[in-house]
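> One predicted model, sequence on top.
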Amino acid sequence: MSAGARLVSRARRLRPEGLPWGAPTWPSSVERGAPERNLGADYDTQWTRRYPARLARAVLLDNVTRPLAHIVASPEVRGEEVLELVESPAIYVANHASHVDTGLLLSVLPARVRHKTVVAAAADHFFDRRWKAHLWSLVLAAVPIERHRVNRKSADDTAALLRQGWNLIIYPEGGRTPDGWFQPMRGGAAYLATRTGRPVVPVHIVGTYRIWPRGGRRLRRSPTRITFGTPITAAEGESARRLEARIDNVLAELAEEARTDWWTARRHAGRGETPSARGPTASPWRRAWALGPDPSDTIEDETRWAVADD
Amino acid sequence: MSPRPGFVLEVDRSTPSTLFWHGEGYRLERLPLGSRVLYAPEPVDALRDPVGAIRQALDAPMGGVAPLRSLLRPGMALTIAFDDVSLPLPPMRGPDVRQLVIEQVLETAAEAGVDDVVLIAALALHRRMTDAELRHALGERIFDAFAPHGLLWQHDAEDPDQLVHLGLTDEGEDVEINKRAATSDLLVYVNINLVAMDGGHKSVATGLASYKSLRHHHNAHTMTQSRSFMDQHRSELHSSNWRMGRLIAASGVKVFQIETNLNTDTFPEQFRFLQRREWEWTARDRAAFLASSKALEATPDRLARSIFHAIRAPHKMTSVQAGEVEAVHERTTENVYAQQLLEVHGQTDVLTMGLPYICPYNVNSIMNPILVACLGLGYFFNMYRGRPLVRAGGVVIMSHPTPWAFHPGHHPSYIDFFEQVLAETTNPAEIGKYEESFATDPWYVHLYRTGNAYHGVHPFYMWYWCAHALEHVGSVIIVGGDRAAVRRLGFKPASSMADALEMASDVVGPDPSITHLHSPPLLMADVR
């Protein structure tokens, strides 16, 4: 290894990544004494929805985030036609594998949606420092959500934004997957949908886990696939818990669709045989093994339909 | 601000990595989601005026005993016995609490005109203390006043001329203790209480006893009947010592017991991150962790050991009580429990623990594999009241390098025990057949009496200490240990915590409950 490469390698190792290099996170079950005012779920993001901030964000999104996303993630979008049918504002519910997900998803949304969307972000992670709160609320229109405890303020603020016409991106797993498999869903998205009556657009993202997984130290280029599912609207009198189960099922079906094709996924769904997206209940290495080769490896090579052989 | 109580943390996604001791070093490990981490109560506040508190305790003793000054008179024989180098851990920053107490006792004795005073280090079968260790424990003033005149003794459990047999208990246990202590007009015992097992009648009945007496309670049977030996109401070790202590009192030995509680403030400022909750680590703590752990990785073992053994704990005295043994000890134990008890609901399938560089038997020495087992399975496992933290048939995972290394001067019989006895059996109930030959081996006796060696039988006691845990658990795994040494102990080696948890699931099934005993500070689980 050359001296330069060694230096780069050592510099990478020096990058903060949790304890001991980075500041420790705070367990959600432990109460913090005297929190800093106007941080976490209390952070006021109103300024980021005023025109100067929106303009800055639009310039950034269209000229930096989108090109970068296409270079790094080469997104292939399936089912984007459903977006034409969705009446805004809507709740975009996606699985979460990487910090790349949000930028990527915003990049592939139509401009009319992209520039009128807020992103539900963990209050304890993105809003725990003042500089982080300013940065993420400006760049991604992030709004703080308490993910570990019920917080009426978070729910009220987000519902108000939906009523004001803002679309919402939310990751119901509450955080990035630690191992590539889906995690159990939380009820926030379904609760907002039942409370506001807005449609839920299920989105499945695959490939970003390879680009920058949780705990990853560097970004890697890799193709990705984003699959939009048919919008779901809460039926009259439907409970949030029941809607949550429906969303969960649709995300699992989209995961299968991303692995196979739409028809296979539909047939399995019809027979109630959609494989679990949560992986086997087994030791970490067996779960990793069961993921198989990274799906993104095959995205470009995959033949979408049969070609007649002359 | 008053110290915060301990608590049980459930690991979630926001929980930072957890600190594990790993011998002369430490590691950060990620525990699976849902694991429990037991955090000890914070160290309680120190006495503002420790000398004043000692004087008050001597002037107003407990249990109907007259003040010390009224028990002292010219012409009497006074013996002051004190706990040896095994307490406190790590050795405390000067002045040691023994120095503080004994200075006040001697002041009182001097005022009363007592000339015949002898100090005895209550070693039992431990190694003799070095002059430096005695100086540190007693202070320069006391050492220089007594040692040059031959009045600072170290208890010799193998000198028949220095022992006296006081009789048999109701259970037929021999009570043989130090003759000078037994025949003095007053025996003042100065104790340090760090854990609930210390003190009470055990001070004299064990600290000043002979092998003939100790073997009645230092055996596999007693240990398996002590659940745990930190809980005096369910400890056969405690019961046996109490029977002996009462016989000693009935024989006319007048004991004036002085017990002290220390707080659990274990490490100095530069190592404060070791006893802080990880999510409260400041940039300075992280820098200290990184600098010290990286430096230790590049440090030869011997030097790392010297660095750690040079640490002096900022322990401070939190209470002192004097008087009749049982009355005093009851209050002392209450204080220990008030500081260390943590209520825990339910047992666990897997208990994890990081083992440090030190245990009571390797101060200024090497933590050999037998002591690693004793610290983990003898001490940490037994830090419970009610039920063991780990369920029957569960798994204990310990993190320690467990080197195949012994201090030849301090632990000579350990080497043979490890090479010969454990090579044949690791069953505490079966090793007893070799005990006598080690206990009476003239070479070991010689080294114990004239050098700084632990008694020949001592490694057996360490293994008996593990008996309850070995009988209770299904498997013991050591992470990062010398594989050959770990296997000789009868345990399983694992190269990482993840591997160890995987191995544990073979014993307790998939998705086990996991509990980590976070130490320091010391804690005792009150398992409901």
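Arrived safely, thanks for sending.
> What's the local residue count around residue 229?
Looking at chain A here, since you left the chain open. 21 (other C-beta atoms under 10 Å in any protein chain shown). Every residue, glycine included, has its C-beta placed from N, CA and C.
> my bad, chain B
24.
> if I look at it, how far off is chain A?
Plainly put, residue B:229 is 33 Å away from chain A if you go by C-beta to the nearest C-beta, to the nearest Å.
> now swap in residue B:347 and tell me
Residue B:347 is 21 Å from chain A, by C-beta to the nearest C-beta.
> wait, what's in contact with that residue?
B:387-391, B:394, B:527 (C-beta atoms under 8 Å, 6 or more residues apart in numbering or on different chains).
> 6 Å instead?
Counting by C-beta atoms under 6 Å, 6 or more residues apart in numbering or on different chains, residue B:347 touches B:387, B:391.
> From residue B:381, how far off is it?
Using C-beta to C-beta, to the nearest Å, residue B:347 is found at 12 Å from residue B:381.
> List, one by one, the residues from chain B near chain A.
Neighbours of chain A within chain B, by C-beta under 6 Å from any C-beta of the partner chain: B:9-10, B:12-17, B:28, B:278-279, B:281, B:286, B:289-290, B:502.
> quick one: the nearest residue to residue B:178 once chain neighbours are set aside from chain A, how far?
Using C-beta to C-beta, 6 or more residues apart in numbering or on different chains and skipping residues adjacent in sequence, the residue nearest residue B:178 is residue B:208, 4.2 Å away. Going from residue B:208 to chain A by C-beta to the nearest C-beta gives 47 Å.
> helix/strand/coil for the residue nearest to residue B:481 when sequence neighbours are not counted?
In space, and not counting its chain neighbours, residue B:481 is closest to residue B:402: 3.3 Å by C-beta to C-beta, 6+ apart. For residue B:402, the assignment made with DSSP: H, G, I helix; E, B strand; the rest coil gives coil.
> Per-residue pLDDT of residue B:402, please?
pLDDT recorded at residue B:402 is 97.
> Could you double-check that it lies in contact with residue B:369?
Yes. Assessed by C-beta atoms under 6 Å, residue B:402 is found in contact with residue B:369 at 5.2 Å.
> picking up where we left off before, are any of the residues of chain B next to chain A buried, and which?
B:9, B:12-17, B:278-279, B:281, B:286, B:289, B:502 (16 or more other C-beta atoms under 10 Å in any protein chain shown).
> Keep only those of the residues you listed that are in helices.
Among those, DSSP state H puts B:286, B:289, B:502 in helices.
> Any chance of these in JSON lines with distance to residue A:154 and pLDDT as columns?
Shown next, in JSON lines, are these (distance: C-beta to C-beta, whole Å; pLDDT from 0 to 100):
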{"residue": "B:286", "distance to residue A:154": "30", "pLDDT": "93"}
{"residue": "B:289", "distance to residue A:154": "34", "pLDDT": "95"}
{"residue": "B:502", "distance to residue A:154": "38", "pLDDT": "94"}
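> Could you tell me whether residue A:121 really is in a helix?
No. Using three-state DSSP, the secondary structure at residue A:121 is strand, not a helix.
> Identify, from the ones in helices among the buried ones among the residues of chain B next to chain A, the entry nearest to residue A:202.
Lowest distance from residue A:202 to those (C-beta to C-beta) belongs to residue B:502, with 34.7 Å.
> What separation do you get for residue A:279 and residue B:320?
Distance from residue A:279 to residue B:320, by C-beta to C-beta: 59 Å.
> Give me the more crowded residue out of the two.
The neighbour comparison of residue A:279 against residue B:320 (other C-beta under 10 Å) goes to residue B:320, with 28 against 19.
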